[in-house]
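> Return a 3D structure for these sequence lines:
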Amino acid sequence: MNSEISNEEIIGSAIAEVAEIVGSVDESAGSAVEEAAEEGEKVACCHCGEYVDPDRIAGDYRGDPLCQTCYENDFFTCEHCDEIFHVDDMNGVGDAIMCQDCLDEHYYYCDDCSDYVLQDYAVDVNGRWLCQSCADDYYRCDSCGYYVHGGSAYFDDDSNAYCESCWEDRNRAGGIHGHGSKLAPVFHRAGEDAFDNMFFGMELEFEVGAKSRQEIAEEISDPDENDWYLEEDGSLTNGIEVITHPRTFQSWKEFFPVFEENVLRRARNNSCMAHDAGTCGIHIHTSLDAWEGPQLFRLFSLLYNAKNYEEILTITQRKRDRLNRWASLDIRDLGSRKYRILDKRSPFNTRYAALNITRNTLEIRIFNSSLRLDRVQKNIEFVYALYEYTKGKQRVSWKGLKSWICKNRKEVPALYDFMVKRSLIIVKQDLDLPQAA
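This next block holds a predicted model:
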């Protein structure tokens, strides 16, 4: 008697068959290779499709057999997870190779040196991941906590680091600007020289004593910075540079007592050093527009003359080696550089020359620094004398300059007294008449 098969039995049988198929699909390629080896059959490579002996299978690639040849040519084993990947997914980290997933999961990319670093050893610097070696180059700003690279960091006397913004804020608070701040100039005139276009600005350097730079700055800074301001200078050991705003010569004569009272005397009282420090100088900037080209060449001819060197050295109060290093008067072929000077362009490839032509000024760099008013006044008067003497003349000489100083000794008293005391000008005692030596 024939019995009918129910729908439930058919469905149950189908489900069993599907389960069996699914179980077989879940078997590894390794099992398939083992079975093929037992039966002496070859195995198809998933990459090249060639059938090879089972012992020529290198391993599984995404669950399928991969032959040794394809593995050696186009694949690698990740040293982190031990899985096989195509070379397109290979990454080198030091001497190791790994897949992209392991690289992303366990490593960071150093934003400075571009090397990879294990996440456990990476350092977060301002939201950027760095290796330890690169992170060691950064310093935490003592003010805002931001990390700044050592090459851009600023350090105070106690070796505390600052970012540029906080350093500027701190220095402004302490009265010291960063080097090269170049505040907008404030031009000062006296009543009687309203039409004078020659201005003199001074940079005076000194080293601080027992007190810190900030303490000294609090005593000598100009609150509104209309007359002078303070800057750092990298050539100083632990010093300050006082930069005056440009003034006409007559304005300087009125300003000397103010400068003595508020800057020079206070610096001296705090045991600051200038003349004997060995690192300091006085640079005087003059208005380049006020110099005519031929007058500039006469000035160069006067100062860059070996016959005048010794007396110029005396006036500068610098030691010979210091003058040669920071404000050289050594020039042997002035004639070949004449046209550059006439065009108001520097004839040198360095700013460490006695006369330095900048974009807007002629800088006279020859003087040693000093905290004595008579010495500061002497230097400005000497530059003024150079300007006035060389103006409108066809020929100039050192003796002619000294004659001008003698005739105008009331206009340049500090310079005249200095030259008399140093026997650069001889006074005939019987007639009380000065003469150029």
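
> CA atoms for contacts and neighbours, from now on please.
OK.

> Low-confidence stretches in the stretch 101-250 of the chain?
Within the stretch 101-250 of the chain, the set of residues satisfying pLDDT under 70 comprises 157, 170-174, 192-194.

> how about the strands in it?
Counting by DSSP state E, counting those that start in this stretch, the stretch 101-250 of the chain forms strands over residues 107-109, 116-118, 123-125, 128-130, 138-140, 147-149, 154-155, 161-162, 176-177, 200-207, 228-231, 239-244, given from the N-terminal end onward.

> Which strands border the second one, and is each parallel or antiparallel?
Think strand 116-118. Looking at strand 116-118 with DSSP bridges, its paired strands and their directions are strand 107-109 (antiparallel).

> Just give me how far the partner strand sits from the chain centre.
For strand 107-109, the distance between its averaged C-alpha position and the chain's averaged C-alpha position is 30 Å (CA atoms, centre = their mean, to the nearest Å).

> ok, now stretch 394-403?
Using CA atoms, centre = their mean, we find the averaged C-alpha position of stretch 394-403 to lie 43 Å away from the chain's own average C-alpha position.

> mind saving the C-alpha coords of it as PDB?
This file holds the C-alpha atoms of stretch 394-403, laid out as PDB (Å, rounded to 0.1, in the frame of the first residue of the first chain):
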ATOM      1  CA  GLN A 394      83.800 118.800  -2.300                       C
ATOM      2  CA  ARG A 395      86.700 117.400  -0.300                       C
ATOM      3  CA  VAL A 396      86.900 116.200   3.200                       C
ATOM      4  CA  SER A 397      89.800 115.300   5.600                       C
ATOM      5  CA  TRP A 398      90.200 114.200   9.200                       C
ATOM      6  CA  LYS A 399      92.000 117.400  10.000                       C
ATOM      7  CA  GLY A 400      89.100 119.300   8.500                       C
ATOM      8  CA  LEU A 401      86.600 117.500  10.600                       C
ATOM      9  CA  LYS A 402      88.600 118.300  13.800                       C
ATOM     10  CA  SER A 403      88.700 122.000  12.700                       C
END
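
> Just the buried positions in that stretch, please.
If you call a residue buried by 16 or more other CA atoms under 10 Å, then stretch 394-403 has these buried ones: 396-398, 401-403.

> ok so, going back, now mean neighbour count and distance to Phe297 too, for the strands of the stretch 101-250 of the chain, in CSV please.
Conversion of the strands of the stretch 101-250 of the chain to CSV gives the following (neighbours: other CA atoms under 10 Å; distance: least, CA to CA, whole Å):
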stretch, mean neighbour count, distance to Phe297
strand 107-109, 20, 60
strand 116-118, 19, 61
strand 123-125, 17, 56
strand 128-130, 20, 56
strand 138-140, 20, 50
strand 147-149, 19, 46
strand 154-155, 18, 42
strand 161-162, 26, 46
strand 176-177, 24, 35
strand 200-207, 24, 19
strand 228-231, 24, 31
strand 239-244, 24, 27
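
> Of those, which is nearest Asn408?
For the strands of the stretch 101-250 of the chain, the distance to Asn408 is smallest for strand 200-207, at 18.9 Å, taking CA to CA.

> how close does Gly400 get to Leu296?
When CA to CA, to the nearest Å is the yardstick, Gly400 and Leu296 sit 17 Å from each other.

> Which of the helices or strands spans the nearest residue to Ala96 once chain neighbours are set aside?
Closest residue in space to Ala96, ignoring its immediate chain neighbours: Glu79 at 6.7 Å, by CA to CA, 6 or more residues apart in numbering. Taking DSSP states H and E as the definition, Glu79 sits outside all helices and strands.

> just checking, Glu79 touches Met98?
Yes: contact status for Glu79 versus Met98: in contact at 5.6 Å, counting by CA atoms under 8 Å.

> Look at these two and report which has more neighbours.
Met98 (23 against 13; other CA atoms under 10 Å).

> Next, count neighbours for Gly127.
Applying other CA under 10 Å, we find 7 other residues in the vicinity of Gly127.

> The one 10 residues further on now?
A count of neighbours around Asp137, defined by other CA under 10 Å, yields 12.

> Val420 too?
Every residue meeting other CA under 10 Å relative to Val420 is counted, giving 17.

> Distance check, the nearest residue to Tyr138 once chain neighbours are set aside against Gly178.
Of all residues beyond its chain neighbours, the one nearest Tyr138 is His149 (4.3 Å), with distances taken as CA to CA, 6+ apart. According to CA to CA, His149 stands 18 Å off from Gly178.
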